[in-house]
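Colleague: sequence plus predicted model, see below.
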Amino acid sequence: METDKKAHFRKTLREVKTLPTLPGIVVKLTRMAEDPDTTTEQMGKVISKDHILAAKLLRLVNSAFYGFPQRISSLNNAIILLGFNVIKSLIISASIFEIMEEKDIELWEHSLGCAVVCSVVAKRLGISDPEEISTAGLIHDIGKVAIKMELPEEYEQINRMVQEQQVPMLDAEREILGLDHAEVGGWLAKRWNLPNKLVEPITCHHDPRLAKDEQLSSAVVHFANIVIRGMGYTHGDDIWVPPLSQRAYRLLGLTAVDIDEILGEIEDKLWDVKGFSLEIQAEQAPPQDNN
Amino acid sequence: MPMQRILVAGKTILPSPEGKLVLEAKGYQVITCARLQDAVGLILEDPPDLLITEKGFDGGNHDQDLIKAAKGCLQKANIPIILALDSGELLTGLDWDHFPVDDFIIKPVVPEVLLARIQLAQSRMIRVFDNNPLSRLPGNTSILRAIQKTIDSAEPHGVCYIDIDNFKPYNDRYGFSRGDEVLLMVARVTVNVIEELARNGSFIGHVGGDDFVFIVREEYIKPVCDRLIANFERVKNMFLNAEDIKAGCFIGKDRQDKTTTIDLPSLSIAVVTTTGNKYRHYGEVSATASQIKHYAKSLKGSNYVIDRREHQ
Amino acid sequence: MVLAKDVETPEGRVLCGKGTILTGSLIDRLKKMEITHLTVEGHPVTEEGEKTLAEELHDIDQRFSRVKHIPPLMHLKKRIQERAIAARKE
């Protein structure tokens, strides 16, 4: 891999401009924002189901001029600090996929599913702020969206390689770009001034050995990603459950009984995810205005 | 002086390139947006120094959405806003309460006139004095004026004084920078709670340091105080380290400069209700507040106290 | 989204035919009638009877085929498969 090419990819990815989300989410939130009875909390609940808007909110609240640089790692707290009007502005300015692919919905469901598993596991481990970890779980694959938006040709090549050669997406990314979506996600998070509590789990979700200060959170997100994929919430043609890090698993200290009970809890919550997904997909996309 | 950026929202304001050149010649950078989505996105991510919007921007009420976004912009409270109108609009009359702008200009816009309006608006902003430099909330003069207005009005209100308990030891331990963040956090949480629960007839000010004042109608006192304290308690852990959160306290120096165990920061809110002609001068309200505050601060954790009735 | 299969009541009455375009309000109405699953074109949602149990179990095997050497994951797989079997019995 020529260093020029890799450096070029890095530069392009670092300057990600738009991150679009599913039209249905924006339609739903727009309607909610226009209803005078909607509370910030209600909107927060819907936003907490969308990995793109969540990332945007976190980026906004952690930006240098808001006054809380690298401080806010939980979505609920971001919402408390930003308030209704700013959230409404965010929804107005949100961009949507004009051509929505099945893969986009798959990634959305996978991200939401991962957040759910993170929440269940974190609560089980008695972690004091489980919402922080589920926030990390929600946005852990943001790197994939960046690659799709900024390097669409390479994104196609990667997908084709996965399909034809039956290799994991991670390997295809490294082959074609010289870097992977976890790395990209970590850069973006750092560039957006997100706290390390989010940056590390994103960067390390495939290789938790890389984690330094956030070893436990990274282990949770790593494990949650594996579990949700095991339950069928995958993205694209890479259907294989990735390897579990022994060290991370030991850090979690889960027993077989824990796993059984966790699975039960997760299944219940995933019905909601599926139902919500159908609801969002059924929302009519807003009309395109051509000024 | 850094380049002043002007956001022009709408295509009918400066239809010809000459107009833009007149502004650029004076050192302004002019950015034009025709769509609401782009304009709001810009305000969120990279706020301009001044906004000019045409009435009827991007069809319908989007001019108001845009004005709200600019007003709600946190980094630059008080972005001057100029509204561009047709002269016909003035003849039919405009409800300025719906358009909280700083100035207007009649279309077709004469670029030199617009330039003068822009310069005046900016100079006026510098004269707006009284705002707290950290939180951008109104300061003492505005606060006293607001309290007097409340006393003089017939309707019952609550004048509420927020104080952050153990703020000084927190500042000593975590540093001034972190202390500033906490102040900003309290400001934001207060503004957002009131904006959501009690928008009408409310006022929020920042006296200085860790002292804030807000005024709401009587029926909103409890819901606002409850939600304010709840939200504060939820967010405050982001500003504490894991060790202190676990211990529920830290070692520091109290007001007598003695080393002792200090509780984590909490909020004390002293509420003075104004009904009928209980008070005639804002000084009287402040005096009552002092007594209540003293009591509120003696209670552990976050509390609000309304004229001697206790709430936790 | 377009329905790929008729939506029927438990008694077999057809509420919406295959090919109907799904709207938000339609889904609301179906929810009120306590319909909980539907199959749409292009977005495979596993409906009971849509995939056979054997197919579902095979899918799960496939998913875990590259981590056979990791005991906790094999345990996870076993449990997921057991749950898939139990779900069919309901």
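Modeller: That came through, no problem. The structure displayed is predicted, hence computed values, not measured ones.

Colleague: and the stretch 51-200 of chain A, which of its residues are near chain B?
Modeller: When proximity is defined as Cβ under 8 Å from any Cβ of the partner chain, the stretch 51-200 of chain A approaches chain B at A:60, A:65-68, A:71-74, A:76-77, A:80-86, A:88-90, A:92-95, A:128-129. The C-beta positions use only the backbone N, C-alpha and C, and glycine is treated the same way.

Colleague: buried subset of those residues?
Modeller: Neighbour counting with 16 or more other Cβ atoms under 10 Å in any protein chain shown marks A:60, A:66-68, A:71-74, A:76-77, A:80-86, A:88-90, A:92-95, A:129 as buried within those.

Colleague: ok, and what's touching stretch B:283-300?
Modeller: B:147, B:151, B:159, B:161, B:163, B:165, B:263, B:266, B:268-272, B:274, B:279, B:303-305, B:307-308, B:310, B:312 (Cβ atoms under 8 Å, 6 or more residues apart in numbering or on different chains).

Colleague: the residues you listed in helices, which ones?
Modeller: Members of the contacts of stretch B:283-300 lying in helices (criterion: DSSP state H): B:I147, B:I151.

Colleague: ok, and which of the contacts of stretch B:283-300 reach chain C?
Modeller: Okay, of these, nothing touches chain C (Cβ under 8 Å from any Cβ).

Colleague: now, the contacts of stretch B:283-300 that are in strands?
Modeller: B:159, B:161, B:163, B:165, B:263, B:266, B:268-272, B:274, B:303-305, B:310 (DSSP state E).

Colleague: farthest-apart pair in those residues, please.
Modeller: B:D263 and B:T274 (31.6 Å; Cβ to Cβ).

Colleague: of the two, who's got more company?
Modeller: A direct count of neighbours by other Cβ atoms under 10 Å in any protein chain shown for B:D263 and B:T274 places B:T274 higher, at 22 against 15.

Colleague: wait, doesn't that one sit right on B:H157?
Modeller: Yes. Because the distance of 5.2 Å satisfies Cβ atoms under 8 Å, B:T274 is recorded as touching B:H157.

Colleague: who touches both of those two?
Modeller: Jointly contacting B:T274 and B:H157 under the rule Cβ under 8 Å, 6+ apart are B:T150.

Colleague: report the buried residues of the longest helix along chain C.
Modeller: Secondary structure assigned by DSSP H gives helix C:71-89 as the longest helix of chain C. For helix C:71-89, the neighbour count (16+ other Cβ under 10 Å) marks C:P72, C:L73, C:L76, C:K77, C:R79, C:I80, C:Q81, C:R83, C:A84 as buried.

Colleague: again with stretch B:130-138
Modeller: Buried-residue list, stretch B:130-138, by 16+ other Cβ under 10 Å: B:N131, B:N132, B:S135, B:R136, B:L137, B:P138.

Colleague: convert the C-alpha atoms of it to CSV, please.
Modeller: This file holds the C-alpha atoms of stretch B:130-138, laid out as CSV (Å, rounded to 0.1, in the frame of the first residue of the first chain):
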residue,chain,number,x,y,z
ASP,B,130,-24.6,44.2,31.4
ASN,B,131,-24.2,40.6,30.3
ASN,B,132,-22.1,38.2,32.3
PRO,B,133,-19.0,37.4,30.2
LEU,B,134,-19.1,33.7,31.0
SER,B,135,-22.7,32.8,30.8
ARG,B,136,-23.9,35.6,28.5
LEU,B,137,-26.9,36.0,30.8
PRO,B,138,-28.1,39.4,31.9
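
Colleague: now do it, average pLDDT.
Modeller: When pLDDT is averaged over stretch B:130-138, the result is 84.

Colleague: over to stretch B:82-100?
Modeller: Stretch B:82-100 comes out at a mean pLDDT of 88.

Colleague: how about that stretch and chain A, any contact?
Modeller: No. Counting by Cβ under 8 Å from any Cβ, chain A is not contacted by stretch B:82-100; separation bottoms out at 13.0 Å.
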